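Asker: Here is the input, now give the coordinates:
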Amino acid sequence: MPNLRELLHFYAEAGVDTPLEDVPIDRFSQVEVKRAPPAAASSPATEPASTPPERAQTGVASPALAKASVPDDAKIAMARQLAASARSLEELREQLAAFDGCNLKFTAKNLVFADGDPTASIMFVGEAPGREEDLEGVPFIGRSGQLLDRMFAAIGLDRTSVYIANTIPWRPPGNRTPTPLETEICRPFFERQVELANPKLLVALGGPAAKALTNASDGILRLRGKWKSHLTPSGMEIPVMPTLHPAYLLRNAAQKRFAWRDFVSIKMRLRTLTE
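Answerer: Numbers count the residues shown, from 1 in each chain. This is a model prediction of the structure:
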């Protein structure tokens, strides 16, 4: 039987490293309470007086309750309005940091906005931050980020000559897949980020990023290696190369040859766009 240290290490490796409650909850006792028969009704003589209506109405709702009461459509509309109002990447970052409409913000440690040169001709896009990225507030700095750096170097690039971001700026708990609602709430900020960076070329790292940029329904193994396009809300059309995510390549080393072909194609396309 593994000891506590080994068990905690296993959970951390699996991505379960962020408790959502300070105190553990005994769910079994809650089930027993629900199964218990209802208590007998109190007689009118012994029934405690209810809270006066005027006192109950004057109470102030908690911030958590207020956030939960905002409809999902309103959160998306608010995100669109805030993103559209940003006139620079720094303004967009500030708007995103102040935005409370996405629940991922309250479980993440840091906002992971971008890395690299925002004026670069090429922008690389992933899906969401992982554990290391969440701790440091920088995208692609873990093992997959180290592999990505080597992929940059293979075609003569580095982090000072590219711009790197994610479609989701906060880490989902336990590295889970972002929900469709979380994706839609974050989409306006990401699309505005692409507009303000105005790259000549986009590279989608993995299936979720490729689908977010191209609205394609195919999986990444079908999409990779084929040039697509991203149409921004303002009407700009930017070439997109979908390719395999570095984290996938770490688990499937045999697929690296396909990523190499994609990066050679990226190098050639970038050369024609910048000459």
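
Asker: Now do the phi/psi pair for G126.
Answerer: phi -110, psi -170 (degrees, to the nearest 10).

Asker: go on, S234?
Answerer: On the backbone of S234 - angles per degrees, to the nearest 10 - the values are phi -90, psi 0.

Asker: tell me the pLDDT at it?
Answerer: The score at S234 is 88. That number is its pLDDT.

Asker: Skipping adjacent residues, who's closest to it in space?
Answerer: With sequence-adjacent residues excluded and distances taken as CB to CB, 6 or more residues apart in numbering, S234 is closest to E195, at 5.9 Å. Using the backbone N, CA and C atoms, a C-beta is placed for each residue, glycine as well.

Asker: Below-threshold pLDDT in the stretch 51-200 of the chain: ranges please.
Answerer: Regions of the stretch 51-200 of the chain meeting the criterion pLDDT under 70 cover residues 51-71.

Asker: which stretches of the stretch 51-200 of the chain form strands?
Answerer: Read by DSSP state E, counting those that start in this stretch, the stretch 51-200 of the chain holds these strands, from start to end of the chain: 115-116, 122-126, 163-166.

Asker: what pairs with the last one, and is each one parallel or antiparallel?
Answerer: In the sheet, strand 163-166 lines up against strand 115-116 (antiparallel), strand 122-126 (parallel) (DSSP bridges).

Asker: Using JSON lines, please lay out those together with mean neighbour count and distance to S88.
Answerer: As requested, the strands paired with strand 163-166 are arranged in JSON lines below (neighbours: other CB atoms under 10 Å; distance: least, CB to CB, whole Å):
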{"stretch": "strand 115-116", "mean neighbour count": "22", "distance to S88": "16"}
{"stretch": "strand 122-126", "mean neighbour count": "27", "distance to S88": "16"}
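
Asker: would you list these in CSV and tack on distance to A153?
Answerer: Formatted as CSV, the strands paired with strand 163-166 follow (distance: least, CB to CB, whole Å):
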stretch, distance to A153
strand 115-116, 14
strand 122-126, 14
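
Asker: Which one of those lies nearest to G101?
Answerer: Distances from G101 to each of the strands paired with strand 163-166 were compared using CB to CB; the minimum, 21.5 Å, belongs to strand 122-126.

Asker: Could the C-alpha coordinates of that closest one be exported in PDB?
Answerer: Written as PDB, here are the backbone C-alpha positions of strand 122-126 (Å, rounded to 0.1, in the frame of the first residue of the first chain):
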ATOM      1  CA  ILE A 122       3.800  34.400 -36.100                       C
ATOM      2  CA  MET A 123       1.600  33.600 -33.200                       C
ATOM      3  CA  PHE A 124       1.400  30.100 -31.600                       C
ATOM      4  CA  VAL A 125      -1.900  29.200 -29.800                       C
ATOM      5  CA  GLY A 126      -2.600  26.400 -27.300                       C
END
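
Asker: now what about it, what contacts it?
Answerer: Counting by CB atoms under 8 Å, 6 or more residues apart in numbering, strand 122-126 makes contact with 139-140, 148, 157, 161-167, 190, 194, 197, 199-206, 209, 212-213, 245, 266, 270, all of which sit outside it.

Asker: Mark which of these are buried, thanks.
Answerer: The neighbour-count criterion (16 or more other CB atoms under 10 Å) marks 139-140, 148, 157, 162-167, 190, 194, 197, 199, 201-206, 209, 212-213, 245, 266, 270 among the contacts of strand 122-126 as buried.

Asker: on that earlier part again, wait, which of the strands of the stretch 51-200 of the chain is closest to K109?
Answerer: Distances from K109 to each of the strands of the stretch 51-200 of the chain were compared using CB to CB; the shortest belongs to strand 163-166, at 15.1 Å.
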